[in-house]
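> Have a look; sequence and predicted model below, questions after that.
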Amino acid sequence: MKYIYSRLVALADWLFPFFLLTVRVYIARVFFRSGLTKVADWENALNLFQFEYKVPYIDYHIAAYSGTFFELVMPVMLVAGFATRLAALPLLAMTAVIQFTYDQNVEHVGWAVMLTLLVLKGAGKFSLDELIYRKFGR
């Protein structure tokens, strides 16, 4: 029984970098598509930020520009695995703002879990972060 358990743990360890890559690509796709939608119809995006989203404490122009910036740049960083922990943080903050001020949706909890995983564990073996670590170490 101990042998089976150790083999299962070894298999999980071997699969984990693939899982992290899948999480990175999935969550990047969600946010990147949202950013592309905003860029495709900027006037509508501004109207949504002004009248629909109503982000607290921030002018809607600033919210629209910064939100779109983060939705377009951070996903590219996530897919590349570059500064993954840093790239996941603004998306995690955006998810919280969306969840608590605009649209309470259980899907946002899943996004938050995935982004938190990336913040805590990093990008994994298949990433620029790993290549940089191997080249320059700590």
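Here it is on my side, so go on.
> Please compute how far the host helix or strand of residue 17 lies from its chain's middle.
Assessed by DSSP states H and E, residue 17 sits inside helix 2-40. Taking C-alpha atoms, centre = their mean, to the nearest Å, one finds helix 2-40 lying 11 Å from the centre of the chain it belongs to.
> For that helix, buried residues please.
Across helix 2-40, burial judged by 16 or more other C-beta atoms under 10 Å covers 20-21, 23-24, 27-28, 30-32, 34-35, 38. (Glycine included, C-beta is placed from N, CA and C.)
> can you check stretch 40-60 too?
By 16+ other C-beta under 10 Å, the buried positions in stretch 40-60 come out as 45-46, 48-49, 53, 55, 60.
> Apart from its chain neighbours, what residue comes closest to residue 81?
Nearest residue to residue 81, sequence neighbours excluded (C-beta to C-beta, 6 or more residues apart in numbering): residue 127, at 2.2 Å.
> distance of that neighbour from residue 40?
As judged by C-beta to C-beta, to the nearest Å, residue 127 and residue 40 stand 29 Å apart.
> do residue 27 as well
Taken as C-beta to C-beta, the span from residue 27 to residue 40 is 21 Å.
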